[in-house]
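# Got a sequence here, can you build the structure:
(2 chains)
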Amino acid sequence: MDLFEKAALVTGASRGLGAALARSLAARGANVVIVGRETEPLKNVESEIHRNGGHAFALAADIGEKSAIHPLAFAAAALVGPIDVLVHNASALGPTPLRLLLDTECEDLARVLDVNLVGPFRLTKIVAGSMALRGAGTVVHVSSDAAVAVYPTWGAYSVSKAAQDHLARLWAVELGEHGVRSFSVDPGEMNTRMHADAVPDADPSTLEDPARVAERIVRMIEAGERIQNGARLEAASWEGAS
Amino acid sequence: MIAAAWPRSAPDDERLLHVDPRRARIADACVRDLPGLLSPGDVLVVNDAATLPASLSVEGADVEVRLVMRLGSDRAWRAVLFGTGDFRTPTEHRSAPPLFDVGARLRFGAELAATITAVDADEPRLVDLLFASDGAALWSSLYRHGKPIQYAYVREPLRLFDVQTRYAARPWALEMPSAGRPLSWSVLTELRRRGVTTAAITHAAGISSTGSTSLDLRLPMRERYVIDDLAVATIRAAKARGGRVVAVGTTVVRALESSALEHDGELAAADDEATLLVGPGFRLRVVDAILSGMHPPGTSHFALLGAFAPSPLLARALEHAERTGYLEHEFGDSMLILVQKDP
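Numbers count the residues shown, from 1 in each chain, chains lettered A, B, ... in the order given. Sure, this is the predicted structure:
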């Protein structure tokens, strides 16, 4: 997919990988709606993209909030037109330090599922209807190693990401015949605030720069049919990355 | 006819009255039968406009503002003012709104305000507004403070998601393009599997009632529409292979026929405003058939159906619908006016 003048929406875009994805998409000429809960950091990303000659539109919203999703989807379409690329990057870890399942409050699990699974489902349900009608569009789910591997204390996040990977496959199976693509991508361990929250004692020098990971993910979007619909990809080892 | 008072949860089961104008026949069906009523090669054209939260309450005054037409930018709108009364009051029973002068400022909430830039000479409740904000800030606050336009026959206030089709994108419609409301993705998928293609146009469907009899006579107002190259190609390809163009709703008819009238009878890509009125005797240049709601005689929607079938047949169809319990209005049952192909 040529991203020039395409309409993109990236959640969790106020910092880290989401902000880097928004910058990479805008650098290719896409009109990018950036979404985050906090207005200030989101506005900073918007201004930075404008300074670099790109087009970005900041909409503050909490993806875990049911009533936020329709306003978000339609305000986005008002600003940039029908969405061509939807990136589900917003993610909740749950309370940190991470804790054992037996110490996890049910409400905390529900909140993590709301942000990482139900919110993305709600948003895709609106956006992908118009993609399917027009016969084109790509939905990207930012996943994690924890979707596949079983790490103690990562429970709530882990089950949400495993379910999200499956959601990505199911969208592909149901929407493939309408020209809509869906995949999930494990970005690997990056030097982000979320990683610091989850693993406070990690050595930052061993962590990947989110800007480099974002570039690889944007190339996956550009790769279109060269990526199998519904695939689960790893940014670090993706062969199209070079 | 009885109004459907609330969105129903199983649209595929909603009723669909098939009217065949050539054989002067009517037949009962339901929405899930639609794929079998169309033929491979036909094209179904929908209006993909999402429905705006076009109703705003003025702070500190018992005044409702309904946006009725965008005027050249997202900040500038024509609007109708309504006085005391809530959604349970039929618009014609609402009290007249207070009169505002040019320059008056209306506040709708913390971050949303507008200035009145013009007042209609004949209809002082019809005003032009300029919002103070623009872009993402304007859209965020419009969605925070606005509500969808309500209907007196609906049993509870409608929420934003109650008035959307399953493929809505840009929020241009002031009221729901409701003919497409019953189309589920199960039906749309079945249509495509049977070789019926689909195309989308975007048309800013207007409001149905202004609360003023004289102002209602000016409906529909100019309505912006966009037909893109993909839609033109899809519709032309269907016509070239002998397929029929089935419009979902009166807005699609107005957009496609407006474009054809502007371009020597041929459908062309357009970003324009529809002013066309379609009725009995109108020669349709693009559209062959229509899927529509149940529209009672005397409405502009009913008049438009007259371009597809003779009035006596439509009257007979509505009489049958009435007698057999079809439901009307935005959440009601459907009518398909389509010549059945010979088996």
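# which sections of chain A are below the confidence cut-off?
Filtered on pLDDT under 70, chain A yields the residue ranges A:241-242.
# all strands for it, in order.
Applying DSSP state E to chain A gives strands spanning A:7-11, A:31-36, A:55-60, A:85-88, A:137-142, A:180-186, A:232-234.
# List of residues touching the second one?
Same thing as strand A:31-36. For strand A:31-36, the surrounding residues in contact (CB atoms under 8 Å, 6 or more residues apart in numbering or on different chains) are A:5-15, A:18-19, A:22, A:25-26, A:42, A:45-46, A:49, A:54-61, A:63, A:72, A:76, A:79-81, A:83, A:90. C-beta coordinates here come from the backbone N, C-alpha and C atoms, glycine included.
# Ramachandran coordinates for the most centrally placed residue in chain A?
For chain A, the residue sitting closest to the mean C-alpha position, by CA atoms, centre = their mean, is residue A:89 at 2.0 Å. Geometry field for residue A:89 lists phi and psi as phi -110, psi -20, criterion degrees, to the nearest 10.
# now it: how far from chain B?
Counting by CB to the nearest CB, to the nearest Å, the gap from residue A:89 to chain B is 19 Å.
# got a list of what that residue touches?
Remark: with contacts taken as CB under 8 Å, 6+ apart, residue A:89 is in contact with A:10-13, A:17-18, A:21, A:140, A:142.
# How about the residues of chain B by chain A?
For chain B, the residues in contact with chain A under the definition CB under 8 Å from any CB of the partner chain are B:46, B:48, B:50, B:52-53, B:74, B:135-136, B:139-140, B:142-144, B:160-161, B:164-171, B:185, B:188-189, B:192-193, B:198, B:200, B:230.
# residues in contact with the residue of the stretch 201-343 of chain B found nearest chain A?
The stretch 201-343 of chain B approaches chain A most closely through residue B:230 (7.0 Å), counting by CB to the nearest CB. Contact analysis of residue B:230 by CB under 8 Å, 6+ apart lists A:134, B:199.
# Am I right that it falls within a strand?
No. When classified by DSSP: H, G, I helix; E, B strand; the rest coil, residue B:230 is found to be helix rather than part of a strand.
# Now residue A:16: closest residue in space that isn't a chain neighbour?
For residue A:16, the nearest residue in space outside its immediate sequence neighbours is residue A:192; the separation is 3.7 Å by CB to CB, 6 or more residues apart in numbering or on different chains.
# Dihedrals phi and psi, the one you found?
Reported as degrees, to the nearest 10, the phi and psi values for residue A:192 are phi -130, psi 170.
# on that earlier part again, separation between the residue of the stretch 201-343 of chain B closest to chain A and residue A:178?
Distance of residue B:230 to residue A:178, computed by CB to CB, to the nearest Å: 14 Å.
# quick one: which of the residues of chain B next to chain A sit in helices?
Using DSSP state H, the members of the residues of chain B next to chain A that fall in helices are B:135-136, B:139-140, B:142-144, B:185, B:188-189, B:192-193, B:230.
# from these, which would you call buried?
Neighbour counting by 16 or more other CB atoms under 10 Å in any protein chain shown classes B:136, B:139-140, B:142-143, B:185, B:188-189, B:192 among these as buried.
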